[in-house]
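Student: Got a sequence here, can you build the structure:
(chains A and B)
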Amino acid sequence: MTTHVGTPMKRKEDPRMITGRGYYTEDINLPGMLHAVVVRSPEAHAAITSIDTSAAKERSGVVTVLTGEDMASDFAGPLPMVWAPPGVEIKTPEHWPLKRGEVKHVGDPVAVVVATSRHIAVDAAEDVIVDYDPKPAVVDPEAALEDGSPLVWEQFGTNKTHEWAVGGGDIDAALAEADVIVEHRFVNHRTSGAPIETRCSVAEARGDDLTLWSTTQIPHIARFVFSGMLGIAEDKLRVVAPDVGGGFGAKLQTYGEEALVLALAKRLGRPVKWVETRSEHMTTSHHGRDQVNYVKLGAKRDGTVTACQVRIIADLGAYQQLLTPFIPELGFPVMGGCYRIPAIDLHFTGVFTNKMATDAIRGAGRPEATYWIELSMDRLADELGMDRLELRRKNFIPKEEFPFETALGIVYDSGDYQGTLDKLLQHFDVDAFRSEQASLREQGVYRGVGFSTWVEVCGLAPSRAVGPQGVGLQAAFWESANVRVTPTGSAIVYTGTSPHGQGLDTSFAQIAGDILGIDPQNVDILHGDTDQGTWGWDTYGSRSLAVGGEAIARAARKVQDKAKRICAALLEAAPDDIELTDGKYQVRGSPDKAMTMAEISGAAHIPPNELPADIEPGLEESSFYDPENFVFPFGAHACVVDVDAETGKVSVVRYVAVDDCGPAINPMLIDGQIHGGIVHAIGQALYEQVVYDEDGQLVTGTFVDYALPTAAEVPSFETDRTETPSPVNSLGVKGIGEAGTIAATPAVAAAVLDAIRPLGVTELDMPMTPMRVWQAIEAAGGDGPGPRATEQGRALDEHGDGSAGSGPTGPDEGGAA
Amino acid sequence: MSATVHVEVTVNGERREADVEARLLLVHWLRDELGLTGTHVGCDTTNCGACTVHMNGEAVKSCTVLTAQADGAEVTTIEGLSGGNGLHAVQAAFWEKHGLQCGFCTPGMIMAAADLLARNPNPSDEEIRHGLEGNLCRCTGYHNIVEAVKSAAGTGVSA
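Tutor: Here you go, the predicted model:
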C-alpha cells in the first residue's frame, strides 16, 4: 500500500458538499418544531423600564413570548467566563441569555418570541414594545479609562476589568542600554469573524434527554457549560455540531441563544430552532481584536535588539464571554517574535465599553502581536538606517539554538527562520523589485513591498501551561481519539476535535489509514457529537492536528500493536516479528505469511480458533494526549501592493508566502489554509472594520457596510514550504489554520506604507481604506488631486470612515480619545 | 400578510405547484417547502451569493427573488445541476482543485461559476474573479476557486 501521509489526497468531505448534500444546522427540521426570534436592544446603554408583550402574544401562531424576568428560573447559572489567573481579579458581571434591568450594548437580548413559523416569529418580535431609559455610553477604550467616563457597570466603579503582566530580563536596564528606541502607538481595530454560515441552534427534548444541534466549534465544552446552566446532569444533554459553515473563532463560544433554545425546548416540550440573521451576526456574535498597543523596541547601534516593552489596552466590550479577557494575553508567548530579545515586558489592561464582547477571532491575540512586532522592526531598521531584512537576519534565533527559551521563559520547539526567509527570497528578487519600483514611481505608479517574518504559538495544550496550574484557564487541553476497526476491516475514528472546514475527515484518515494499514477511503472520521465518542476539547488555536491528530496516531498505534499480536497468534509467529508492509501484516522475512487488516479484524471479532487468553476480543483503542509543549509554526511572507495616489485605493498585486508547519500531512490542505488565512488578513488590513458611532450605534451591521474581500480584490498566491519537524509530537506537525492571518497583516500594511512613503506618509492605521490612504496622502502634502469616487471606493470609504469615537481609531480621524 | 399567490415552477426538471405567501422569498420556498437545503442563506443584503440558483438559465440570488416572480420559470439548484449525470464539470473541478473548505458558500459559488462559464467558456483569471465577486467565501481565499473554474473551463463545460 502506498503511504498516504504527505500526499494531496482529495477531500472526503467534498462529494456531499458540492452536490448540496451537506448537513448544516439550519437544514435540520424536526416534527412540531417551533421557531425563536430574539428581541434586541436598539440602545447601547439603557435601563429597561417596561416590556409589553401582549400584542405579540395575540398574533396567530405565536406560542409564547418571554422576557428575562420570565426566564429567571430557567437557568441555574449565568453564561461562563473561564479565565481565573492566579492573584488577579477579573471583573465579571453576571451575564444571562436574556437581560434584566439594563442593556449594555446594541443587540443585547431582552425577549424571545416563539412561534410556529419563523415568519410569524419575526412579525411578532416587531410587536414587542420595550421602553428604555437611555444612559450615557462609552465606546472608546482609552476614554473609558479616564476619570468621569460613563461606567458600563456602575457596581465596579471603573471600566477597567483587570490588569495582567508578564516579563523577563531586566527591562529597565535593557532600555537604558539601548542606543536607539523606537516608540509607536499601534491600533489593532475591531473585526468580525464573519463565517458565511451565520449561527443557528436547534434544541429538542425527549423525556429528560435534551439534544442541541448547533453551529459550534466546541460541542464538548458546550455540553459541559449548558448542562450546568440548565442544572441538569451532563449525561442528559447531547450536543451535535453537524457540518459547520466556517468558524474563525466566532463559533468558539457558548452563546446565550444556545442556552435559550435548550431552555425553551425543555419548557415547551417541542423542538425549537433559532437562526441568526447576518445583521445579528455582525451585532451579537463576538468580535475580535480591538486593542491599542504602545510599543517600545530598543536596540544597539549595530541593530542588536535589546528590549521590547508593550502596554496593551484591550477593549473587551460589555460582557466577559468564554475567553474574552484572555484573548489579548493569548499571544504573549510570541510577543518577541522570532527574534532573540533579552528583555521583554508586557502589560495588559482590559476595558469595558458599551459594545459587543470581543473574544477569539482567527489568530486571537497573535495577529495583533505580529502586527506591532513586524512594523516595529521596520521602524527600527529605518531609524538605524539598516535594511529591514538585514535587521531581521541579525536578530533571528539561529536554528542551532532550538529548543530556545525566550526571555519570557517560553520554549520555542523548533525553527529555521533564516531558512524560510532564504526560500522566500528565491521566489522574490528584492533588488529586481526595487528597480521596478523606482521606474514605476517615475511613471506615477506607487508600488510597495512589505515583509513579515513571523512565528506563532499554537496547538493548545499543554494543559500544564494553559490550564489551572498555568496561566489559569479553568479547563484542560489534552485531546482524545478512539480508533475502532470493524469486523470487515473498515476503521471508525472518533476525534475530540470538531472541524468546520479544515478537512480533518481527510487528513485524519490519511494518518490513521497509514498506521492501521487501511485505505483512507475506508477510514471514517467521526466528530462533533458528544454521544458518539470520547470526551474532547474541540477545535480552536490551530490545535486539531498537533493535538488531536497526534491522539489519533497514538490510538491507531495501539490498535496496530494489538493487530500484530493477533496476527502473530494466528500465524504462529512472535509479535515482534510482525511488520506492516504494503498494507499487509507479515512475518518479517516471510512475505508469504501475511494477513490483511480485514482478516485480522475479522479474527478479532469472530475468532476462527481460540486466541491467547491475554488478547481480548475486538479491535478498538483510545488515547488521551496532553502535549509537553506548544508548537511554533513560522514563515516569511512578502506582499506587493499598488496604491492609486489619486483615489487612495490599494491593490494587492503579488503575494509570496513561505511557511513551515513541519512535515505536511496533506500539502493541498495546508495551501488552502494559507490562502484563506492571508485573505482574512488582507481584509483586516485593507477593508474590514467593525465601527460603532459615538453613541454606541453599530454602523457596520451588514455585508454592505462590513467589506469582506471578494475574489476581485485579491490575487492568486505563490506559496512554498520548508519542513522543520516539531520535537513535541511524533508526527512532527504544527498547526496551520491561523498562520496566514497571523502572518499577513504586517506584510500588507508595510507594503502600503512602502508604496506611499515618497508621498510623505510614514504612518497609517488599519484598515487602510481608500479614504484613509487618500487622507494620509493629502495630510502629508502629497500630490493626489482628490478622490475619484468609484463604486467600490464609496462602499469601502463608508465603512472605513465612520469611526469617530468608535474605539481605537487613528488620531488623525477625530476619535473620542 | 395572508395574501397568497399560486405558482407553477419547474424545479430541477420537476413541475411544482404551490400557493405561497406573496412575500415568500424563492430561497425559503426551495429550502423550507421543497426541502432543497443545498441552497444556503448567508446574509440579509444580497451580498454573499450563497443562495445562487439558476432561473431560466441565468444565475440569480434566490434571496432577492420572490417565489411569485418564479411563476412559470425553470429553476435549477445545486441538487439539479448535473441533471442526474454524476458530477457537473464545475462540481468535479471544485473537488479536484480544493475549491471548498467549509462548503457553505460552495453551492452558490458553483452555480455562479457554471453560469459564468456558460456565458464565457474561456474566461481569463480577471474575468473569473470579477465574474464571481458577487459570491463571498471566507475559507479559501478564492485562489483554488479560480483554479477550479479555470480547470472546468478547459473541459468545454456548458451550464
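Student: quick one, phi psi at residue 110?
Tutor: Since no chain was named, I'll use chain A. phi -120, psi -20 (degrees, to the nearest 10).
Student: that's the wrong chain, I wanted chain B
Tutor: The phi/psi pair for B:I110 (degrees, to the nearest 10) is phi -60, psi -40.
Student: residues near the residue nearest to it when sequence neighbours are not counted, how many?
Tutor: Nearest non-adjacent residue to B:I110, counting by C-beta to C-beta, 6 or more residues apart in numbering or on different chains: B:V90, 5.2 Å away. All C-beta spots, glycine's among them, are computed from the backbone N, C-alpha and C. B:V90 has 29 neighbours, counted by other C-beta atoms under 10 Å in any protein chain shown.
Student: quick one, what contacts B:V90?
Tutor: By C-beta atoms under 8 Å, 6 or more residues apart in numbering or on different chains, the contact set of B:V90 is B:L81, B:I110, B:A113, B:A114, B:L117, B:A148, B:V149, B:A152, B:V157.
Student: Tell me the buried residues within those.
Tutor: Using 16 or more other C-beta atoms under 10 Å in any protein chain shown as the burial test, the contacts of B:V90 include B:L81, B:I110, B:A113, B:A114, B:L117, B:A148, B:V149, B:A152, B:V157 as buried.
Student: wait, the second one sits on A:T19?
Tutor: No - contact between B:I110 and A:T19 fails when scored by C-beta atoms under 8 Å: they sit 9.3 Å apart.
Student: anything in contact with each of these two?
Tutor: Joint contacts of B:I110 and A:T19 (C-beta under 8 Å, 6+ apart) are B:I78, B:Q91.
Student: shaky segments in the chain?
Tutor: In the absence of a named chain, chain A is used. Low-confidence segments of chain A, defined by pLDDT under 70: A:1-2, A:782-817.
Student: ah, no, chain B please
Tutor: Ranges of chain B meeting pLDDT under 70: B:1-2, B:156-159.
Student: Run through the strands of it in chain order.
Tutor: Using DSSP state E, the strands of chain B run over residues B:4-11, B:14-21, B:52-55, B:58-61, B:74-76.
Student: hmm, the third one in reach of chain A?
Tutor: No - for strand B:52-55, no contact with chain A is found by C-beta under 8 Å from any C-beta of the partner chain; the gap never falls below 10.3 Å.
Student: Please apply the same query to the last one.
Tutor: No - on the criterion C-beta under 8 Å from any C-beta, strand B:74-76 is out of touch with chain A, staying 11.1 Å away.
Student: now that strand, how far from the centre of its chain.
Tutor: Relative to its chain's centre, strand B:74-76 lies at 10 Å (C-alpha atoms, centre = their mean, to the nearest Å).
Student: roughly how far apart are the nearest residue to A:L698 once chain neighbours are set aside and A:S192?
Tutor: If the residues on either side of it in the chain are set aside, A:L698 comes closest to A:V106, at 5.2 Å by C-beta to C-beta, 6+ apart. According to C-beta to C-beta, to the nearest Å, A:V106 stands 14 Å off from A:S192.
Student: ok, now A:Y132?
Tutor: 25 Å.
Student: ok, residue 5 - contacts?
Tutor: No chain specified, so I'll use chain A. A:Q510, A:I511, A:D514, A:P663, A:I665.
Student: Hmm, no, I was thinking of chain B.
Tutor: B:D19, B:V20, B:E21, B:A22, B:T67, B:A68, B:D71.
Student: got the domain boundaries for the chain?
Tutor: Answering for chain A, as no chain was given. Taking automatic domain parsing as the reference, chain A has its domains at A:17-135+A:197-245+A:251-284, A:361-459+A:629-810, A:478-625.
Student: ah, no, chain B please
Tutor: According to automatic domain parsing, the domains of chain B span B:4-79, B:89-153.
Student: Between these, which one is closest to A:G760.
Tutor: domain B:89-153 (32.4 Å; C-beta to C-beta).
Student: thinking again about what came up before, same list, the domains of chain A, but as JSON lines with mean neighbour count please.
Tutor: Listed next are these as JSON lines, based on neighbours: other C-beta atoms under 10 Å in any protein chain shown:
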{"stretch": "domain A:17-135+A:197-245+A:251-284", "mean neighbour count": "20"}
{"stretch": "domain A:361-459+A:629-810", "mean neighbour count": "22"}
{"stretch": "domain A:478-625", "mean neighbour count": "21"}
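Student: For the ones you listed, give me CSV that also has distance to B:N12.
Tutor: Below are the domains of chain A laid out as CSV (distance: least, C-beta to C-beta, whole Å):
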stretch, distance to B:N12
domain A:17-135+A:197-245+A:251-284, 10
domain A:361-459+A:629-810, 27
domain A:478-625, 27
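Student: Please give me every residue in contact with the closest residue to B:G38 other than its chain neighbours.
Tutor: Sequence neighbours aside, A:G20 is the residue nearest to B:G38 in space, at 1.9 Å (criterion: C-beta to C-beta, 6+ apart). Going by C-beta under 8 Å, 6+ apart, A:G20 touches B:L36, B:T37, B:G38, B:T39, B:T77, B:I78, B:E79, B:P107.
Student: ok, the residue nearest to B:R16 when sequence neighbours are not counted - contacts?
Tutor: Closest residue to B:R16 apart from its sequence neighbours, by C-beta to C-beta, 6+ apart: B:V9 at 5.4 Å. By C-beta under 8 Å, 6+ apart, B:V9 lies in contact with B:R15, B:R16, B:E17, B:T67, B:A70, B:D71, B:G72, B:A73, B:E74, B:V75.
Student: repeat that for 7 Å
Tutor: B:R16, B:A70, B:D71, B:A73, B:V75 (C-beta atoms under 7 Å, 6 or more residues apart in numbering or on different chains).
Student: which among those residues end up buried?
Tutor: For the contacts of B:V9, buried by 16+ other C-beta under 10 Å: B:R16, B:A70, B:A73, B:V75.
Student: The first one and chain A, how far apart?
Tutor: With distances defined as C-beta to the nearest C-beta, to the nearest Å, the gap from B:R16 to chain A amounts to 17 Å.
Student: Surely A:H105 touches A:A357?
Tutor: No - applying C-beta atoms under 7 Å as the test, A:H105 and A:A357 come out as separate, 8.2 Å apart.
Student: Find residues that contact each of those two.
Tutor: Common neighbours of A:H105 and A:A357 (C-beta under 7 Å, 6+ apart) are A:G317, A:A318.
Student: Any chance of a markdown table for the buried ones among the contacts of B:V90, columns distance to A:C338?
Tutor: Putting the buried ones among the contacts of B:V90 into a markdown table (distance: C-beta to C-beta, whole Å) gives the following:
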| residue | distance to A:C338 |
| --- | --- |
| B:L81 | 47 |
| B:I110 | 40 |
| B:A113 | 39 |
| B:A114 | 45 |
| B:L117 | 44 |
| B:A148 | 35 |
| B:V149 | 37 |
| B:A152 | 41 |
| B:V157 | 46 |
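Student: Alright, calling it a day.
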